[in-house]
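1. 3D model of this:
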Amino acid sequence: MDINALYNEWLEKATGDPDLRAELESIKGNEDEITDRFYRSLEFGTAGLRGVIGAGTNRMNIYTVGRATQGLADFLNKNYENPSVAIGYDSRIKSEYFSREAASVLAANGIKVYIYDELEPTPCLSFAIRHFKTSSGIILTASHNPAKYNGYKCYNPKGYQMTDEEAAETYDFIQKVDYFTGIKTTDFDEAVKNGVIEYIGKEVIDVFLDEVQKQCVNPDIVKKADLKVIYTPLNGTGNKPVRAILDRIGVDKVYVVPEQENPDGNFPTCPFPNPEIKQVFELGLEMNKNIGADILLATDPDCDRVGIAVPDKSGELVLMSGNEVGAMLLNYLLSEKKAKGTLSDSAIAVKSFVSTDLAEVIARKYNCTFKNLLTGFKYIGELITNLESQGRADDFVMGFEESYGYLAGTHARDKDAVVASMLICEMAAYYKLKGMNLVDVMNSLYDEFGYYNNAVQSYTFEGAAGMQKMAGIMDNLRENPLSEIAGFKVTAVSDYKISKTVFTNGTEEAIDLPKSNVLAFALEKGNKVIVRPSGTEPKIKAYITAVGESKEQAAELAKKLIKAADGFMK
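-> The predicted structure follows:
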């Protein structure tokens with residue numbers, strides 16, 4: 001591959017977006033900048049594409065989006081008769097532009113398109129796929145990444161992200177498409193007039209909200225509790241649907257952070273629009289000094305994740321983790337359904353295997369079957385679809401991931417911050433009437449089930465050298481397996497890439513999950529370290545589980561395990 005030849009070709013032919021031409025001109029003669037944009041093509045996988053917005057094969061632009069969509073069109077035309085696609089987009093820079101480009105390419109390939117007439121949350125895209133019975137779906141979003149990123153996620157007809165096999169076949173088609181001569185396209189407005197592209201209107205969102213509202217367990221509890229909520233959509237898609245669902249269930253006092261209310265892909269007040277980060281709550285916390293809210297909610301730009309901050313008895317606001325919220329929601333749903341006699345005898349709950357083991361212990365109390373699946377909500381979506389095919393949709397209680405993603409109900413096949421925001425507020429109202437805030441609730445769960453300290457450490461490796469470094473770290477951990485971590489003996493190593501767990505006593509056990517580049521180190525006394533490269537970001541993540549006899553002891557153990565992880569991530 002001649003990188004400079006690629007650069008010159010783009011300089012000559014990338015005329016469809018003036019921003020690209022200006023960027024390419026600005027880096028003339030800068031080998032490092034040229035290399036970073038052209039040393040590879042963005043890879044298409046089960047999470048689609050994700051990258052920095054800009055010019056080049058390693059960037060998100062109308063050519064990488066058009067090429068991916070042409071490959072998707074070829075895949076759909078081969079595998080489906082009269083295929084159709086639903087499209088959604090978020091508030092990110094160029095998201096609407098890219099969505100129109102994708103629609104135009106699909107229309108030119110004879111594929112019917114349903115596209116939202118304004119930005120909407122990712123779960124609304126998942127819902128639309130099943131509502132219109134389309135062959136696929138596309139959402140233009142980079143979730144909670146910084147403003148310079150955008151992404152392109154593809155879904156299958158069941159409403160969850162493509163399987164490995166579907167993504168691999170689509171990628172084969174994509175690789176055959178030339179960026180400048182291989183992409184069919186048509187005029188967007190003309191395709192709308194001809195009915196090949198059809199706008200999705202408000203009535204579909206209303207049906208979505210109807211399905212979300214059905215997940216209420218105590219429909220009247222919120223109004224009784226006179227709940228006060230501060231909400232920030234972080235300049236993303238959550239503003240309208242989250243406020244609409246809270247209004248429906250009787251949350252009359254919702255105060256929206258004004259600086260973060262309207263869509264803005266620059267995210268001027270929160271460079272990392274991720275509800276896992278305390279900074280995104282700063283404006284809400286300042287606002288709360290004059291409000292005294294019961295809870296603060298923050299949804300990420302595509303509104304599939306939600307984070308919360310809750311005042312404790314002293315009034316100090318506590319940012320609660322995704323693991324804590326997942327455990328509390330599960331306990332609330334199971335206990336209330338049990339009390340009302342609506343809990344199925346064959347109820348099932350599910351989480352990603354890197355999320356807190358506390359959830360399994362809670363489920364056991366209510367005789368609820370529990371499943372651990374690979375990271376990626378598509379696996380939870382697949383489980384729901386399988387239950388539905390068996391006539392067991394009502395058995396599904398909820399699924400969650402530690403990264404603030406939750407789903408109750410079967411209206412979507414992806415994590416949904418709209419339904420999660422509603423249930424979190426309902427749960428907060430329920431306990432408020434009992435004289436408890438959510439910090440009290442979490443402490444009561446720790447008292448009952450044990451102290452689980454779950455932490456996630458991210459290690460960033462940018463650029464081509466970073467990709468090699470990440471691969472080297474994983475190879476080294478496989479070739480030189482750890483026998484102890486932070487003084488705890490390793491009792492078993494699970495390598496999900498070869499679907500095998502090896503115990504220190506010499507026995508082995510097969511892992512009945514799809515292959516994935518993940519290593520899990522089980523340690524003495526229930527502690528655990530899981531190492532997993534991100535599928536969407538240039539990062540390796542270490543997921544830490546520390547189990548102690550007290551909150552303080554668990555926190556101290558977590559620090560030791562994190563320090564040990566820092567050591568083998570170099």
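2. for the stretch 51-200 of the chain, what spans make up the strands?
-> With strands called from DSSP state E, counting those that start in this stretch, the stretch 51-200 of the chain shows them at 84-89, 112-116, 136-140, 149-155, 197-200.
3. Point out the most buried one among these.
-> strand 136-140 (a mean of 29; mean count of other C-beta atoms under 10 Å). Yep, even glycine has a C-beta here, placed from its N, CA and C like the rest.
4. contacting residues around residue 425?
-> Contact analysis of residue 425 by C-beta atoms under 8 Å, 6 or more residues apart in numbering lists 222, 227, 229, 246, 249, 251, 295, 297.
5. I'd guessed the second one sits against residue 297; true?
-> The reference is to residue 227. No: in this structure, residue 227 is not within contact of residue 297 by C-beta atoms under 8 Å, at 11.1 Å.
6. out of the two, which sits in the more crowded spot?
-> With neighbours defined as other C-beta atoms under 10 Å, residue 227 and residue 297 compare such that residue 297 has more, 28 against 24.
7. Are we agreed that the more buried one is in a strand?
-> Yes: counting by DSSP: H, G, I helix; E, B strand; the rest coil, residue 297 is located in a strand.
8. which residues does it contact?
-> Applying C-beta under 8 Å, 6+ apart to residue 297 gives the contacts 229-232, 242, 306-308, 421, 424-425.
9. For it, give the beta-bridge partners.
-> residue 231, residue 308 (DSSP bridges).
10. pLDDT wise, what is it at?
-> On pLDDT, residue 297 comes in at 98.
11. That one and residue 499, how far apart?
-> 39 Å (C-beta to C-beta, to the nearest Å).
12. for residue 443, same thing?
-> Counting by C-beta to C-beta, the separation of residue 443 from residue 499 is 38 Å.
13. what's the answer for residue 140, then?
-> Distance from residue 140 to residue 499, by C-beta to C-beta: 34 Å.
14. Likewise for residue 188?
-> 45 Å.
15. okay, these two: which has more neighbours?
-> Counted by other C-beta under 10 Å, residue 188 and residue 499 do not tie: residue 188 has more neighbours, with 18 against 15.
16. mind listing what that one touches?
-> 100, 103-104, 107, 197.
17. per-residue confidence for it?
-> pLDDT, residue 188: 98.
18. again, but for the one 5 residues further on
-> Here, the pLDDT recorded for residue 193 equals 98.
19. go on, residue 1?
-> 67.
20. Repeat that for the one 5 residues further on.
-> At residue 6, the predicted lDDT confidence score is 95.
21. Apart from its neighbours in sequence, what residue is nearest it?
-> Excluding the flanking residues, the one nearest residue 6 by C-beta to C-beta, 6 or more residues apart in numbering is residue 38, at 4.6 Å.
22. And for that neighbour, the neighbour number?
-> The burial count assigned to residue 38 is 22, neighbours taken as other C-beta under 10 Å.
23. what's the answer for residue 268, then?
-> Each residue near residue 268 was counted by other C-beta under 10 Å, and the total is 11.
24. That one belongs to a helix, doesn't it?
-> No: applying three-state DSSP, one finds residue 268 to be coil, outside a helix.
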